[in-house]
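J.: Give me the fold of what follows.
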Amino acid sequence: MEFSGKVALVSGGSRGIGLAIARRLAEAGATVAIVARTADATSLPGATAIAADLSDPAEVERAVAEVVARHGRLDLLVHSAGATQRGDFLALDDAAWADSYALKFFGAVRLCRAAWPHLAASRGSAILIAGVGGRVASADFTIGGSVNAALMNLTKALSDRGVRDGVRVNCINPGSIRTDRLTQRIAKVMQERGLGEAEAAAALAADTGVSRFGEPSEIADVVAFLAGPGASYIQGAILDVDGGWVRAV
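T.: Model prediction:
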C-alpha cells in the first residue's frame, strides 16, 4: 500500500491505459480521481469521477479544484487522455490537428499548470503518457508523432522547473498496447490484407519488430514505479515501454 494517504488524478481514466493506471494506483492505496469527458465511477468503484473536457481551460481548472476540494490535497497527476488521428497527411485538415493538440498536448499543459501548486505543496509528481510515435516517425502518424514529441519536450522543460519546486515530472512512451484503438488497427489490417484476426495481429506486431503487444496493466505498473519511493531520484526521464520497438540509442 505504498500510496496510502496519497491522492492521484488520472486523466482519461475511464478506459484503456488510463483505467488500468487508475485501478493499479487504487490497489496500492491511493485515493483516485478519474477525469474524462465521460467519467463514470462504475468503471472503478470508490473512485471520484469528474466529467470534464480537457480542451477547455476552464474545465481543467474546475476539475483540479474539485479534486483538491474533495480530498484536501493532490500528490500525483497522470495525464493519459487524448487520442490522435491517423491518416494520410494530405487528407488531415486543420480541425484534425487542432483537436489532437487541444486534448492530448494542451490538456497536459493545462492540467500541469493547474495542479502544479498542489503538487509542489505535497512534493508530488506528474507523469505524462505520450507514445513511441514521438520517436519513430511514420507517414500515417504525422499528428500523433508530433504531439508525442511535444509531450516529451514538455516533460524535460517541466522537470527542469520541478527541480526548483520539488515536483518530479516523467514521461512514458507506450508501444502497441491492447486497447480499443489497437483493435481498430488490427481490423484495418484484416481488411487491407485479407487476413484473419490472429494473422493480422501477428503481422502488425511484426511490422514494428516486437514479439507481442503490451497490456494496459504493464503501463500501469511502470506508472506505479515512477510515482513511488523507489523512483525518487528519477527526474525528467522518458521511458519507452514498447517491447523493443525503438532501437535507437
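
J.: What segments of this structure are helices?
T.: Remark: helices assigned in the chain by DSSP state H are 16-27, 57-71, 94-100, 106-122, 142-165, 180-193, 197-207, 216-227.

J.: Kindly reformat those helices as CSV containing mean neighbour count.
T.: Quick note: C-beta positions are derived from backbone N, CA and C, even for glycine. Formatted as CSV, the helices of the chain follow (neighbours: other Cβ atoms under 10 Å):
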stretch, mean neighbour count
helix 16-27, 24
helix 57-71, 17
helix 94-100, 14
helix 106-122, 20
helix 142-165, 18
helix 180-193, 14
helix 197-207, 15
helix 216-227, 21
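
J.: Got the domain ranges for the chain?
T.: With domains defined by automatic domain parsing, the chain comprises 7-175+215-238, 179-213.

J.: could I get the helices of the chain as TSV with mean pLDDT and distance to Thr84?
T.: Shown next, in TSV, are the helices of the chain (pLDDT from 0 to 100; distance: least, Cβ to Cβ, whole Å):
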stretch	mean pLDDT	distance to Thr84
helix 16-27	96	14
helix 57-71	97	19
helix 94-100	95	4
helix 106-122	98	12
helix 142-165	98	4
helix 180-193	90	10
helix 197-207	89	18
helix 216-227	98	17
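
J.: Tabulate those helices (a markdown table), appending distance to Val136.
T.: Below are the helices of the chain laid out as a markdown table (distance: least, Cβ to Cβ, whole Å):
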| stretch | distance to Val136 |
| --- | --- |
| helix 16-27 | 19 |
| helix 57-71 | 30 |
| helix 94-100 | 18 |
| helix 106-122 | 20 |
| helix 142-165 | 8 |
| helix 180-193 | 15 |
| helix 197-207 | 11 |
| helix 216-227 | 18 |
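
J.: how about those helices, which one is nearest Gly46?
T.: In terms of Cβ to Cβ, the element of the helices of the chain nearest to Gly46 is helix 16-27, at 6.5 Å.

J.: re earlier: okay if I get the domains of the chain as CSV plus distance to Ala248?
T.: Formatted as CSV, the domains of the chain follow (distance: least, Cβ to Cβ, whole Å):
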stretch, distance to Ala248
domain 7-175+215-238, 7
domain 179-213, 12
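
J.: if we can go back for a sec, list just the one of the helices of the chain that sits closest to Pro45.
T.: Using Cβ to Cβ, the helices of the chain put helix 16-27 closest to Pro45, at 8.9 Å.

J.: Alpha carbons only: can I get the closest one in CSV?
T.: What follows is helix 16-27, C-alpha atoms only, in CSV (Å, rounded to 0.1, in the frame of the first residue of the first chain):
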residue,chain,number,x,y,z
GLY,A,16,-7.9,1.6,-21.7
ILE,A,17,-4.5,2.6,-20.3
GLY,A,18,-5.9,5.3,-18.1
LEU,A,19,-8.3,2.9,-16.4
ALA,A,20,-5.6,0.4,-15.8
ILE,A,21,-3.4,3.1,-14.2
ALA,A,22,-6.3,4.3,-12.0
ARG,A,23,-7.0,0.7,-10.9
ARG,A,24,-3.3,0.0,-10.1
LEU,A,25,-3.0,3.1,-8.0
ALA,A,26,-6.2,2.4,-6.1
GLU,A,27,-5.0,-1.2,-5.4
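
J.: so that helix versus helix 180-193, what angle?
T.: Relative orientation of helix 16-27 versus helix 180-193 (axes from the mean of the first three to the mean of the last three Cα atoms, to 10 degrees): 150 degrees.

J.: Show me what helix 16-27 is packed up against.
T.: Contacts defined by 3 or more Cβ pairs under 8 Å, 6 or more residues apart in numbering; DSSP states H and E place helix 16-27 against strand 7-11, strand 31-36, strand 76-79, strand 125-129, helix 216-227.
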